[in-house]
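Student: Take a look and give me a structure for this.
(one chain, ligands or ions: 1)
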Amino acid sequence: MTWLPEVVSCLRHRCFTPRSTAAQPAKMPSPRVTRAANTSNPNVSGRFEFMSLLTNKTSVSDQTLTRHRTSDSPVHRKDSNSSSSQQQLPEEDCMKLNPSFLGIALKSLLAVDLWLSKKMGVCAREGSSWGSARPMMKLVEISGHGIPWIAGTIYCLYRSDSSAGREVILNLLFALLLDIILVGIVKGIVKRRRPTQNRMDMFATFSVDKYSFPSGHATRAAMVSRFMLNHLVLAVPVRILVMLWAIVVSLSRVMLGRHNVTDVLFGFFMGHMQYSLVEYFWLSPNTLPALFKY
Ligand SMILES: CC(C)=CCC/C(C)=C/CC/C(C)=C/COP(=O)(O)O
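Tutor: Sure thing, here's the model as predicted:
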């Protein structure tokens with residue numbers, strides 16, 4: 001591991017030591033001085049090793065080449081050690097570690113996500129392993145679509161004859177519209193493409209719906225189910241059905257090949273958060289009297 005600080009030192013300067021430099025006689029520092037310099041900052045060697053593992057701008061072959069060149073010459077090794085140990089690492093170097101580590105973690109997560117989503121997309125095509133269940137999955141898709149939910153809520157609002165009922169339904173409408181806006185904004189910012197296995201044959205979409213993160217069906221299913229469980233008086237079997245519906249709608253997004261698993265997981269989480277937002281800004285005759293005067 002003694003070569004690691006040298007490798008990192010070279011990587012930090014993004015250059016190799018020219019042969020002419022290595023050939024020149026170098027002033028040998030005293031071993032005691034070198035050791036003292038190395039131990040003056042106990043974090044230096046640990047940090048260098050970590051940096052060298054995470055540096056992805058330089059290929060492995062480059063690192064190997066650097067290692068051979070530097071270890072060829074003990075003169076150079078001592079020189080390199082003393083110069084690297086004398087360097088004060090700027091604060092920004094510490095900041096670079098986290099994005100690299102986070103980058104590796106994110107890339108690994110995305111690789112697992114893509115692999116799992118492809119495996120789970122069993123209804124993505126008619127010819128897929130569960131292709132015969134595709135029409136049923138598309139019915140599930142429609143049950144979580146924005147248009148039937150918004151149209152149904154407006155109809156219920158129109159038919160409602162109690163002020164308490166109107167208050168709940170009006171807030172559900174507010175929640176559904178908020179959901180469409182927030183999901184559209186996040187999709188527009190993240191711009192993650194839908195999985196390659198998806199066929200863009202969805203009913204009534206906006207332009208942002210060519211993007212997949214997060215799943216609008218999952219946000220709606222999570223938000224609406226939480227809303228219903230909290231504001232409607234439902235028998236236990238119906239409550240279970242509502243929960244199952246939210247899970248099946250979310251699962252169907254991956255099975256239809258419309259989304260990756262992370263789109264749906266995040267969508268489900270976002271739907272829960274949206275419900276909390278609706279609760280926070282709950283519209284009532286006290287807060288918005290104009291809306292209730294009809
Ligand atoms: C009143 C109004 C603005 C209705 C628009 C409803 C509408 C077209 C919503 C889009 C629903 C949709 C296709 C979402 C995409 O869901 P993903 O799960 O595929 O993200």
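
Student: switch to C-alpha atoms for all contacts and neighbour counts from now on
Tutor: Fine.

Student: Okay, helices next: where are they in the stretch 151-294 of the chain?
Tutor: With helices called from DSSP state H, counting those that start in this stretch, the stretch 151-294 of the chain shows them at 163-190, 216-231, 236-255, 261-280.

Student: residues from this structure in reach of the ligand?
Tutor: His145, Gly146, Ile147, Ala204, Thr205, Phe206, Asp209, Ser212, Ser215, Gly216, His217 (C-alpha under 6 Å from any ligand atom).

Student: returning to what we had before: just name the most buried of the helices of the stretch 151-294 of the chain.
Tutor: helix 216-231 (a mean of 23; mean count of other C-alpha atoms under 10 Å).

Student: Tell me the helices and strands packed up against that one.
Tutor: helix 163-190, helix 236-255, helix 261-280 (3 or more C-alpha pairs under 8 Å, 6 or more residues apart in numbering; DSSP states H and E).

Student: possible to save those helices as JSON lines with mean pLDDT and distance to Pro135?
Tutor: JSON lines is the format used below for the helices and strands packed on helix 216-231 (pLDDT from 0 to 100; distance: least, C-alpha to C-alpha, whole Å):
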{"stretch": "helix 163-190", "mean pLDDT": "96", "distance to Pro135": "25"}
{"stretch": "helix 236-255", "mean pLDDT": "98", "distance to Pro135": "11"}
{"stretch": "helix 261-280", "mean pLDDT": "98", "distance to Pro135": "20"}
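
Student: can you tell which of those helices is closest to Ala222?
Tutor: helix 261-280 (5.0 Å; C-alpha to C-alpha).

Student: Going by contacts, tell me the helices and strands next to that closest one.
Tutor: By 3+ C-alpha pairs under 8 Å, 6+ apart, helix 261-280 packs against helix 91-120, helix 163-190, helix 216-231, helix 236-255.

Student: Export those helices as JSON lines, with columns for distance to Leu288.
Tutor: As requested, those are arranged in JSON lines below (distance: least, C-alpha to C-alpha, whole Å):
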{"stretch": "helix 91-120", "distance to Leu288": "44"}
{"stretch": "helix 163-190", "distance to Leu288": "11"}
{"stretch": "helix 216-231", "distance to Leu288": "19"}
{"stretch": "helix 236-255", "distance to Leu288": "30"}
